[in-house]
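Asks: quick one, structure for this:
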Amino acid sequence: MPNVKVVVAALAALALGTGSAYAIEVSKKINAPAVPPKVWAIAGDFCAIKDWHPLVADCKQTEEGGTTFRTLTLKNGGTIKEKLLESDDTSYSYEIIESPLPVKNYKAKFHVEEDERDPQRTTISWEATFDANGVSDDDAKKKITDIFMSGLKGIKQKVLPPEGSDSTTH
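Replies: I've put the predicted structure just below:
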């Protein structure tokens, strides 16, 4: 019987010690009424986020030892430093280096592709994996979800036809 207690105690310690064993995932998409090259021209530059994300006041891009970084200044005064991991003609991946956000081990991908049903529209996707840092998994997931959705809506607003124009023509 003592061996059973040791096994139970070991399993309990393992369960408590690991906390959330799996990274949290957030994946959000939105469709925009423009072809992918037009959307990418608006949103694809690593520092273009300052032009379409309502929470970002400024972005400074720097090179350090051949690696590209961006430092975002938020409208609330906070800053986020991110490292570009890879990029191509329709996507980029990055990780957060320093941030006031309640996350750690954060890696994300931002990309555009032709809408499956309408080649004149674009599906914009933003996905991330991360761990909660100082808050519950649900709170961290909600924070990142809110950031993604406000950013995706910001891009969609930028590509919408001007008010009063005929949006039925392509």
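
Asks: who are the packing partners of the longest helix seen in the chain?
Replies: Longest among the helix segments of the chain by residue count, using DSSP state H, is helix 137-159. Contact here means 3 or more Cβ pairs under 8 Å, 6 or more residues apart in numbering; DSSP states H and E; on that basis helix 137-159 packs against strand 24-32, helix 36-43, helix 49-52, strand 103-114, strand 122-132. C-beta here means a position set from N, CA and C on the backbone, and glycine is covered the same way.

Asks: and it with strand 122-132, angle?
Replies: Orientation note: helix 137-159 sits at an angle of 160 degrees relative to strand 122-132 (axes from the mean of the first three to the mean of the last three Cα atoms, to 10 degrees).

Asks: most tightly packed of the helices and strands packed on helix 137-159?
Replies: Mean neighbour counts were taken over the helices and strands packed on helix 137-159 using mean count of other Cβ atoms under 10 Å, and the top value, a mean of 20, falls to strand 122-132.

Asks: how about the helices and strands packed on helix 137-159 in a markdown table, adding distance to Pro161 and mean pLDDT?
Replies: Output for those, formatted as a markdown table (distance: least, Cβ to Cβ, whole Å; pLDDT from 0 to 100):
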| stretch | distance to Pro161 | mean pLDDT |
| --- | --- | --- |
| strand 24-32 | 11 | 97 |
| helix 36-43 | 11 | 96 |
| helix 49-52 | 16 | 97 |
| strand 103-114 | 18 | 97 |
| strand 122-132 | 14 | 97 |
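
Asks: with distance to Met149 as added columns, please give those in JSON lines.
Replies: Shown next, in JSON lines, are these (distance: least, Cβ to Cβ, whole Å):
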{"stretch": "strand 24-32", "distance to Met149": "6"}
{"stretch": "helix 36-43", "distance to Met149": "15"}
{"stretch": "helix 49-52", "distance to Met149": "13"}
{"stretch": "strand 103-114", "distance to Met149": "13"}
{"stretch": "strand 122-132", "distance to Met149": "9"}
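
Asks: out of these, nearest to Thr67?
Replies: Proximity to Thr67, assessed across the helices and strands packed on helix 137-159 by Cβ to Cβ, is greatest for strand 103-114 (14.9 Å).

Asks: could I get the CA-only coordinates of that closest one as PDB?
Replies: What follows is strand 103-114, C-alpha atoms only, in PDB (Å, rounded to 0.1, in the frame of the first residue of the first chain):
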ATOM      1  CA  VAL A 103       1.200  36.200 -22.100                       C
ATOM      2  CA  LYS A 104       4.600  34.500 -22.500                       C
ATOM      3  CA  ASN A 105       6.000  32.100 -25.100                       C
ATOM      4  CA  TYR A 106       3.900  34.000 -27.700                       C
ATOM      5  CA  LYS A 107       4.300  33.200 -31.400                       C
ATOM      6  CA  ALA A 108       1.900  34.400 -34.100                       C
ATOM      7  CA  LYS A 109       1.300  34.300 -37.800                       C
ATOM      8  CA  PHE A 110      -0.500  36.900 -39.800                       C
ATOM      9  CA  HIS A 111      -1.500  36.000 -43.400                       C
ATOM     10  CA  VAL A 112      -3.900  36.700 -46.300                       C
ATOM     11  CA  GLU A 113      -5.300  34.400 -48.900                       C
ATOM     12  CA  GLU A 114      -8.000  34.500 -51.600                       C
END
